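K.L.:
requesting a structural model of the entry that follows:
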Amino acid sequence: MKEREKFSSRLGFILISAGCAIGIGNVWRFPYITGQYGGAAFVLVYLIFLVILGLPIMVMEFSVGRASQRSAAKSFHILEPKGTKWHLYSYGAMLGNYLLMMFYTTVGGWMLAYFFKMANGTFSDLKPDAVGTVFNNMLANPVEMTFWMIVTTVLGFSICNMGLQKGVERITKMMMVCLLAIMILLCIKSLTLPNASEGLKFYLLPDFERFKENGLATGIYAAMGQAFFTLSLGIGALAIFGSYIGKDRSLTGEALQISILDTFVALMAGMIIFPACFSFGVDQTQGVGLVFVTLPNVFNQMAGGRFWGALFFIFMSFAALSTIIAVFENILSFAMDIWGWSRKKAVLINGVAILILSMPCVLGFNIWSNIQPFGPGSTIQDLEDFIISNNLLPLGSLVYLLFCVTRYGWGWKNFISEADAGNGMKFPKWAKPYLTFVLPAIVLIIFIMGYYDKFFS
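P.N.:
Numbering: from 1, shown residues only. Reported below is the predicted structural model:
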């Protein structure tokens, strides 16, 4: 069998894994819920959950990947005890990666489209209502939406086609360095705007009253959910990168660095958005509206706004593309692991498949907008997101967790031996009872609450 490709450097592994975890949710969801739930009070609870919830499962994914030297398509087959059925989840993991790309390519396309719109002055001199209309017109136009989705998909697969070291690692490293540099630049600009200090206070001063206003349990669940979903755990999206690294470094320290980088980007996004919104007296609306309606209005009022706006959307494009490239690499590795395809063949066939599979999401905003899976106003994208976020991520995380801690799976000793191989921080062995009994219960609560929020709240 041909020897498995490897990353050329430890930095490459850390930046690419962080790139996979750092997505557009870091930018449009984290700042909003942080503001809603009491600023630094929420961040504190979020960080606790990141350490006790996200970090252990990330180490487990990396360990399974490194020990098996395979993607999620084959890792369970190799490590599971004889006669057990853990490998059945490999289908869930593969489905998760494809499903994620069925709508993420479209959203990545929005970011690229807005970079060009901002750079060529589409928003210059537009009134606030007209800025919102630009976004709605884009969603209503299937040709424009398809064009940007194709650009995003072709760009992602072209980079993967160049190989692991020359393409995925080299380009993602450059993108991540640029992303962090642009972010720091935007942050400095935002913090020097008039009245920026008010936005900073709102964002960073702990306000436990605001945390309790929405209900203590709701706030804790929001922090728990954000810590869990920010790392895209449960579908083997990170496990693949474990299979590309050697055993010279232990995995707990690496996972901690990736989590810190992911959190840093999320926090910095808030330091760009809140001071700017407060400076120009603009409401911080949730989700999509914040990025595509509120912020273009902020840039319109800012001196040199066209430049700063273009910079912001190239940063957003890098955040989206780093995730897309990472998940595409995972999808390619499925085909290479299962059928022994060459990278070029895997790129060609999967490229066509993703283009076709992405069309329902694109058309769900226009031609197929009458398909409303969750009632009026919902779209095909909402259904795709629900299947992965509310089902495959929590249930997949539960599979990885139980696989690593129980004797019916790979087992605690094998997991610890793999996680601790190499120099660096060791995995806390005293945590076994917590990981065996408490953490599975927390993941199940996230799963149940996801359904409750969707259908009963």
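K.L.:
please compute how far the helix or strand of the chain with the lowest mean pLDDT lies from its chain's middle.
P.N.:
Using mean pLDDT, DSSP states H and E, the weakest-scoring helix or strand in the chain turns out to be helix 288-289, at a mean of 73. The gap between where helix 288-289 is centred and where its chain is centred comes out at 17 Å by C-alpha atoms, centre = their mean, to the nearest Å.
K.L.:
and the next element down the chain from that helix?
P.N.:
For helix 288-289, the succeeding helix or strand toward the C-terminus, using DSSP states H and E, is helix 295-301.
K.L.:
quick one: list the elements packing against that following helix.
P.N.:
helix 89-119, helix 128-140, helix 251-279, helix 305-339 (3 or more C-beta pairs under 8 Å, 6 or more residues apart in numbering; DSSP states H and E). Using the backbone N, CA and C atoms, a C-beta is placed for each residue, glycine as well.
K.L.:
minimum distance to residue 40: which of those helices has it?
P.N.:
Among the helices and strands packed on helix 295-301, the nearest to residue 40 by C-beta to C-beta is helix 251-279 (9.9 Å).
K.L.:
contacts only, for the nearest residue to residue 410 once chain neighbours are set aside.
P.N.:
Spatially, and ignoring its direct neighbours in sequence, residue 410 is nearest to residue 79 (4.7 Å; C-beta to C-beta, 6 or more residues apart in numbering). Taking C-beta atoms under 8 Å, 6 or more residues apart in numbering, we find residue 79 in contact with 64, 67, 68, 86, 403, 410, 414.
K.L.:
and which of the residues you listed is nearest to residue 103?
P.N.:
residue 64 (26.2 Å).
K.L.:
correct me, but that closest one touches residue 238?
P.N.:
No - look at residue 64 against residue 238 with C-beta atoms under 8 Å: they stay out of range, at 9.9 Å.
K.L.:
for the protein, what are the low-confidence residue spans?
P.N.:
1-2, 284-287 (pLDDT under 70).
K.L.:
nearest to residue 423, out of the helices and strands packed on helix 295-301?
P.N.:
helix 251-279 (8.5 Å).
K.L.:
list the buried residues for the closest one?
P.N.:
251-259, 261-263, 265-279 (16 or more other C-beta atoms under 10 Å).
K.L.:
which strands and helices sit next to it?
P.N.:
Under the contact definition 3+ C-beta pairs under 8 Å, 6+ apart, helix 251-279 sits against helix 10-21, helix 24-28, helix 30-36, helix 55-68, helix 170-191, helix 196-204, helix 295-301, helix 412-419.
K.L.:
can you list those helices in CSV and add distance to residue 382 and mean neighbour count?
P.N.:
Formatted as CSV, those follow (distance: least, C-beta to C-beta, whole Å; neighbours: other C-beta atoms under 10 Å):
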stretch, distance to residue 382, mean neighbour count
helix 10-21, 23, 24
helix 24-28, 15, 22
helix 30-36, 18, 21
helix 55-68, 25, 26
helix 170-191, 28, 18
helix 196-204, 28, 18
helix 295-301, 23, 22
helix 412-419, 36, 18
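K.L.:
reformat those helices as a markdown table; add distance to residue 345.
P.N.:
Compiled in a markdown table, the helices and strands packed on helix 251-279 are given as follows (distance: least, C-beta to C-beta, whole Å):
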| stretch | distance to residue 345 |
| --- | --- |
| helix 10-21 | 23 |
| helix 24-28 | 30 |
| helix 30-36 | 39 |
| helix 55-68 | 23 |
| helix 170-191 | 21 |
| helix 196-204 | 48 |
| helix 295-301 | 41 |
| helix 412-419 | 31 |
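K.L.:
count the residues that sit near residue 134.
P.N.:
A count of nearby residues for residue 134, using other C-beta atoms under 10 Å, gives 17.
K.L.:
show the contacting residues for it.
P.N.:
Contacts of residue 134 (C-beta under 8 Å, 6+ apart): 117, 122, 123, 126, 296.
K.L.:
out of the residues you listed, which is most surrounded?
P.N.:
That'd be residue 296 among those, by other C-beta under 10 Å, with 24 neighbours.
K.L.:
buried residues of stretch 398-408, list them for me.
P.N.:
In stretch 398-408, counting by 16+ other C-beta under 10 Å, buried: 398, 399, 400, 401, 402, 403, 404, 405.
K.L.:
got a list of contacts for that stretch?
P.N.:
Residues beyond stretch 398-408 that count as contacts (C-beta under 8 Å, 6+ apart) turn out to be 56-57, 60-61, 63-64, 76, 79-81, 84, 86, 89, 92, 233-234, 239, 409-412, 415, 432, 435-436, 439-440, 443-444, 447.
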